[in-house]
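got a structure for you, letters missing:
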């Protein structure tokens, strides 16, 4: 597998871990050991977090407080260097609208920049930064709340 393909796969694993609230899977993709202090993460609306422990605590808090989230990634670009790589992508996000009942969803679009470092264990995430646009709300009839078929206002694409 090429470095580019491995980095795209690692990035997909990052989003899968977030979607399924799998903290162990999230933990496995970040650099560790002597590089732990170099880990950084910027969540939308948060200050920059520094150090692996602080970043992993933030993911634990986010996962514990996210009832549903789904990402469709587009415009994925990868630049690979000798020991570092940069991956940028557009995040198309669907999540529960916490201000409404279970039939409402919020959507948003964001841009992510993820930095990866080549380690003895292979590529690992070293830094992640996200910027979000303003959310959009959708209301769906209860029978179709998690179905991408017609009936949502406005209609939404399926992942």
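Thanks, I have it. Every value quoted in this text rests on a predicted model; they were computed, and no experiment measured them.

can I assume residue 82 sits in a strand?
No. Residue 82: not assigned to a strand; according to DSSP: H, G, I helix; E, B strand; the rest coil it is coil.

Next, it: phi, psi?
Main-chain torsions, residue 82, degrees, to the nearest 10: phi -70, psi -50.

so what's it up against?
Under the criterion of Cβ atoms under 8 Å, 6 or more residues apart in numbering, the contact partners of residue 82 comprise residue 118. Using the backbone N, CA and C atoms, a C-beta is placed for each residue, glycine as well.

Who are the packing partners of the longest strand anywhere in the chain?
Among all segments of the chain classified by DSSP state E, the strand with the greatest residue count is strand 104-119. Applying 3 or more Cβ pairs under 8 Å, 6 or more residues apart in numbering; DSSP states H and E, we find strand 104-119 packed against helix 3-19, strand 84-96, strand 122-132, strand 136-139.

could you dump those to CSV with mean pLDDT, distance to residue 29 and mean neighbour count?
What follows is the helices and strands packed on strand 104-119, written out as CSV (pLDDT from 0 to 100; distance: least, Cβ to Cβ, whole Å; neighbours: other Cβ atoms under 10 Å):
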stretch, mean pLDDT, distance to residue 29, mean neighbour count
helix 3-19, 96, 6, 17
strand 84-96, 92, 12, 18
strand 122-132, 88, 5, 18
strand 136-139, 47, 29, 15
